[in-house]
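Need a 3D model of the following:
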Amino acid sequence: MQVQPPLSLPLPVRDGIAPSYIWIPEGHWDNVFSFLQDHFPDVSASTWLARLDKHEVVDQHGKVLLADSAVKRGMCIYYYREIENETPIPFHEEILFQDEHLLVVDKPHFLPVIPSGRFLQETLLVRLKKNTGLMDLTPIHRLDRETAGVMLFSHNPSTRGQYQSMFQRKSMAKTYHAVARHLPELVFPLRHCSRMEEAEKFFVMREVAGMANSETLVDIKERRGEYSLYQLQPVTGRKHQLRLHMSSLGAPIVNDAFYPVALPCKADDFSAPLQLLAKSICFDDPITGAKRYFESKKSL
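Sure thing, here's the model as predicted:
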């Protein structure tokens, strides 16, 4: 089955959001409306009918699809995803740097980078597209929703691959700050290595026996009574690596809702952000060869 969209979008970007799409799999449906109801049970029938009536559902060739339009395997349907009553995130990003290739942003806590789940308009990517008009923006590395700090985007498709490959080769230095319990029993700086795997519980990671696939350099930047401000330098880039490594050392990052124990899902407490900050990133620009250094203006 095809999984990639056509090179050109049959619906325009709207309010900073590119249209979503789905390929029709093997199966039988009477029409487009029955297929959409079947595959998106959380979206009401009235919502789909309204989108169809507004001609906001098309195929990969841009042909408008009506409720009774036929569907068959191999078709690609485009539509605009919408979220009703999306929770606003009361924190704002700041642009640190922009050239013809890159956009560098200071991301706030709680703001997701890309649309997913219950977040659409309240995401860094959509906000930036709307505020800058750069419709080709693409994040070139990851940052958890709960984490604040330096985030890099490409907005030039012709050079994007060179920056993405730089991250894939790990040819850059990233430094994070974190607040956690002081560990008087350990000698710093130290190197923490472990084998990380997906845990049985949704979304979290765990350390298991076996050859290490994750590595973090940990040092203390400042003592704060019972706590310390730690400097973390990830050598590898596993999901939740810094959060899991600090928890494994016996010092879970302050306000971490996933480690050492994943807490029940609840509304965000904006007064208690995760005390983890992507403080800086440094690399040799793959196009100009110049040394690049970007630092967050935020502090913990």
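
And stretch 103-120, what's buried?
In terms of neighbour count (16 or more other CB atoms under 10 Å), stretch 103-120 has its buried residues at 103-113, 115, 119-120. For every residue, glycine as well, the C-beta is placed using N, CA and C.

And the furthest pair within these?
Spatial extent of the buried residues of stretch 103-120 (CB to CB) is set by the pair 104 and 120 at 23.5 Å.

quick one on the thing from earlier: for the buried residues of stretch 103-120, give me TSV that also has secondary structure.
Converted to TSV, the buried residues of stretch 103-120 look like this (DSSP: H, G, I helix; E, B strand; the rest coil):
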residue	secondary structure
103	strand
104	strand
105	strand
106	strand
107	strand
108	coil
109	coil
110	coil
111	coil
112	coil
113	coil
115	coil
119	strand
120	coil
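
Which of these sits closest to residue 254?
Using CB to CB, the buried residues of stretch 103-120 come closest to residue 254 at residue 109, 12.1 Å.

Residue 91 is in contact with that closest one, correct?
Yes - at 6.4 Å, residue 109 and residue 91 qualify as touching, with contact defined as CB atoms under 8 Å.

So what does the nearest residue to residue 107 once chain neighbours are set aside look like in phi/psi?
In space, and not counting its chain neighbours, residue 107 is closest to residue 151: 4.7 Å by CB to CB, 6 or more residues apart in numbering. Residue 151 adopts backbone torsions of phi -140, psi 130, taken as degrees, to the nearest 10.

Residue 151 and residue 261: what is the separation?
Relative to residue 261, residue 151 is positioned 28 Å away (CB to CB, to the nearest Å).

Could I get the buried residue list for stretch 127-138?
127, 128, 129, 132, 134, 137, 138.

Run through who's touching the least confident helix or strand in the chain by mean pLDDT.
For the chain, the helix or strand with the lowest mean confidence is helix 160-168, at a mean of 87 (criterion: mean pLDDT, DSSP states H and E). Contacts with helix 160-168, where a contact means CB atoms under 8 Å, 6 or more residues apart in numbering, come from 101, 102, 138, 140, 141, 152, 154, 172, 237, 283, 286, 287.

Repeat the analysis, applying 10 Å as the threshold.
The contact list for helix 160-168 (CB atoms under 10 Å, 6 or more residues apart in numbering) reads 101-102, 136, 138-142, 152-154, 156, 171-172, 174, 237, 281, 283-287.

what residues are up against the closest residue to residue 103 other than its chain neighbours?
Distances taken as CB to CB, 6+ apart place residue 153 nearest to residue 103, at 4.4 Å, with adjacent residues excluded. Applying CB under 10 Å, 6+ apart, we find residue 153 in contact with 95, 98, 101-105, 113, 124-125, 128-129, 132, 134, 136-141, 160, 163.

Sort out for me which of these are in strands.
Judged by DSSP state E, these include 95, 98, 102, 103, 104, 105, 138, 139 as members of strands.

what's the domain layout of the protein?
Split into domains by automatic domain parsing, the chain comes to 20-79, 94-295.

Of residue 151 and residue 261, which one has the most company?
residue 151 (27 against 11; other CB atoms under 10 Å).

The more buried one bridge partners, please.
Beta-bridge pairing of residue 151 under DSSP bridges involves residue 105.

how about it, what does it touch?
93, 96, 103-107, 111, 113, 124-125, 128, 139-143, 278, 281, 294, 296.

same check, this time on residue 109
Going by CB under 10 Å, 6+ apart, residue 109 touches 89, 91, 144-149, 255, 268, 270, 272-277, 298.

Any chance of a ChimeraX selection covering the buried ones in those?
Only the buried members of those enter the following ChimeraX selection, criterion being 16+ other CB under 10 Å:
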select :89,144,145,146,147,148,149,273,274,275,276,277,298
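
The contacts of residue 109 in strands, which ones?
Among the contacts of residue 109, the members that lie in strands (by DSSP E) are 148, 149, 276, 277.

which residues touch the first one?
When contacts are counted by CB under 10 Å, 6+ apart, residue 148 touches 91, 93, 106-111, 177, 273-279, 296, 298-300.

can you do 8 Å?
106, 107, 108, 109, 273, 276, 277, 278, 296, 298.

What is the nearest of those to residue 233?
Among these, residue 278 lies closest to residue 233 (CB to CB), at 11.4 Å.

picking that back up, out of the ones in strands among the contacts of residue 153, which two are the most distant from each other?
95 and 138 (16.0 Å).

Check what pLDDT the residue nearest the centre of the chain gets.
Against the mean C-alpha coordinate of the chain, by CA atoms, centre = their mean, the closest residue is residue 113 at 4.1 Å. pLDDT, the model's per-residue confidence, is 95 for residue 113.
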